[in-house]
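Student: Predicted model and sequence below, questions to follow.
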Amino acid sequence: MDAVIKCIECSSEYPISYTGITCSCGGLLQVEFREYPEVSWELFRSRPFGVWRYRELIPVPRDAEIVTMREGGTPLIRFSRIKEVLGVRESYVKFEGANPTGSFKDRGMTVGVTMAKYLGAKAVACASTGNTSSSMAAYASRAGLKPYVFLPKGKVAKGKLMQAVLHGATLIMVNGSFDDALSAVMQASRSFGVYVLNSLNPWRIEGQKTLAYEIADEVGVPDWVVLPVGNGGNISALWKGFKELKKVGLVDELPRLAGIQASGAAPLAHAFKEGLSKPRFVEHPETVATAIRIGRPVNWPRALRAARESRGVITSVTDEEILEAQRMLGRLEGVGVEPASAASLAGLRKLLDEGIIRPDEKVVIVATGHALKDPDIAVYHQADTVELRGDVNELSEVFWR
Ligand SMILES: *Cc1c(COP(=O)(O)O)cnc(C)c1O
Ligand SMILES: [Zn+2]
């Protein structure tokens, strides 16, 4: 397989077997083909739908034993009722909550844990707002590796915490934010040599880019893809995926990408709006969307690049808009997502209002995680509740009101 790991800042190259997570210059690393393989949609479509359908475009060594739970292959659901509200012609939601542990993180983790095992790691670690730890704990267990998760204490949604416990991770509670947890895990990696599986890890991106492949495989290249942005790994992966499809000749066009942040944690939206070359980090990020409650996004250089190169945008929405969008998905389409995922619909509404996305354009929004991840969010949504005291006939006004 003709690929290398390359620094996006200084262009230093490392072999595929490199176990470091960043370049010696501190820059982000990316897996790159020296020569692209020959592939076709016919070849891919002869295999089951999912991450490993695109095996030739994921340059893990041929002799690596793949750690998989059939991740990816998630439903792309065409909007019916939301379409009427928004007035858009053709729009879809890619429901990543349908992955084995309930978020898109599984796409990156199948590749990341496969490589951890191949490279001889015995233990793996990550800092996480929740979903990375759920996914890493599950895949590490499957691979027989010991998972260590660094979590911002008291700030992880219940469903996610439960998964880390269920899959046997050692929980390291950090007094601080996600950003503090990430600093701690990077230090621990230097001191103890555990393999880090945060989205800094270039192999995570290699798995997550298959989101682009699956969208193109099913409906071609849309005009826009809208997705939530926290650390910026997923938007970088999506852009890499679409660009590669074009390089290997499987698509002719590229989409525009819209990254959506929560207004209380929006350093990239701010940098985009102000045209800054480097974002100003947010010390105390705040939002109900805990999965994107990130003040110092590690993938900021490639995330900003993805938005700018694609002629897209990074913008922000308020918590109220996020909760309203979560209800719309749940009550108009039957699609249950966690708050961070609803940021993409809130963002689409805003960009339609602003005339940046036009109603006649084809749009895919990415719903990154499942509603069951964050049950406590129910307090923000009104339920129509009736207490039955006596006879069922008393309910007549309930049924017909
Ligand atoms: C991780 C995550 C995000 C943010 O993705 P980044 O790659 O950090 O930008 C968004 N939504 C959910 C549900 C997530 O788990
Ligand atoms: Zn470098």
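Tutor: Cool, got the structure. Ligands and ions are numbered 1, 2, ... in the order given.

Student: if you skip the residues just before and after it, what's nearest to residue 309?
Tutor: Once flanking residues are discounted, residue 309 sits nearest to residue 239: 6.9 Å by C-beta to C-beta, 6 or more residues apart in numbering. Placement of C-beta: from N, CA and C, glycine included.

Student: which residues does that neighbour contact?
Tutor: By C-beta atoms under 8 Å, 6 or more residues apart in numbering, the residues touching residue 239 are 212, 257, 302, 305, 306, 309, 310.

Student: how far away is residue 367 from residue 328?
Tutor: Relative to residue 328, residue 367 is positioned 12 Å away (C-beta to C-beta, to the nearest Å).

Student: Quick check: phi and psi on residue 80?
Tutor: Backbone torsions of residue 80, given as degrees, to the nearest 10, read phi -110, psi -60.

Student: per-residue pLDDT, it?
Tutor: Residue 80 is assigned a predicted lDDT (pLDDT) of 93.

Student: thinking again about what came up before, shouldn't the residue nearest to residue 309 be within a strand?
Tutor: No: the assignment for residue 239 is helix, going by DSSP: H, G, I helix; E, B strand; the rest coil, so no strand is present there.

Student: so how many other residues sit close to the residue in the stretch 101-250 of the chain that ligand 2 sits nearest to?
Tutor: Ligand 2 sits closest to residue 202 of the stretch 101-250 of the chain, with a gap of 12.4 Å, by C-beta to the ion. Each residue near residue 202 was counted by other C-beta atoms under 10 Å, and the total is 24.

Student: In contact with it: list those residues for me.
Tutor: Residue 202 neighbours (C-beta under 8 Å, 6+ apart): 5, 28, 29, 30, 31.

Student: Recalculate using a threshold of 7 Å.
Tutor: Taking C-beta atoms under 7 Å, 6 or more residues apart in numbering, we find residue 202 in contact with 5, 29, 30, 31.

Student: same deal with residue 241?
Tutor: So residue 241 contacts 209, 210, 211, 212, 213 (C-beta under 7 Å, 6+ apart).

Student: Next: residue 282.
Tutor: 265, 267, 295 are the contacts of residue 282 under C-beta under 7 Å, 6+ apart.

Student: Just say helix, strand or coil for the closest residue to ligand 2 within the stretch 251-400 of the chain.
Tutor: Using C-beta to the ion, the closest approach of the stretch 251-400 of the chain to ligand 2 is made by residue 301 at 11.5 Å. Counting by three-state DSSP, the backbone at residue 301 sits in helix.

Student: Hmm, it is touching residue 27, no?
Tutor: No: counting by C-beta atoms under 7 Å, residue 301 stays clear of residue 27, with 8.1 Å between them.

Student: Now list whatever residues contact both of those two.
Tutor: Residues touching both residue 301 and residue 27 (C-beta under 7 Å, 6+ apart): residue 8.

Student: Ligand 2 contacts on this structure?
Tutor: When proximity is defined as C-beta under 5 Å from the ion, the chain approaches ligand 2 at 7, 9, 10, 12, 23, 25, 27.

Student: how does it look with 8 Å?
Tutor: Proximity of the chain to ligand 2, by C-beta under 8 Å from the ion, involves residues 7-12, 22-27, 29.
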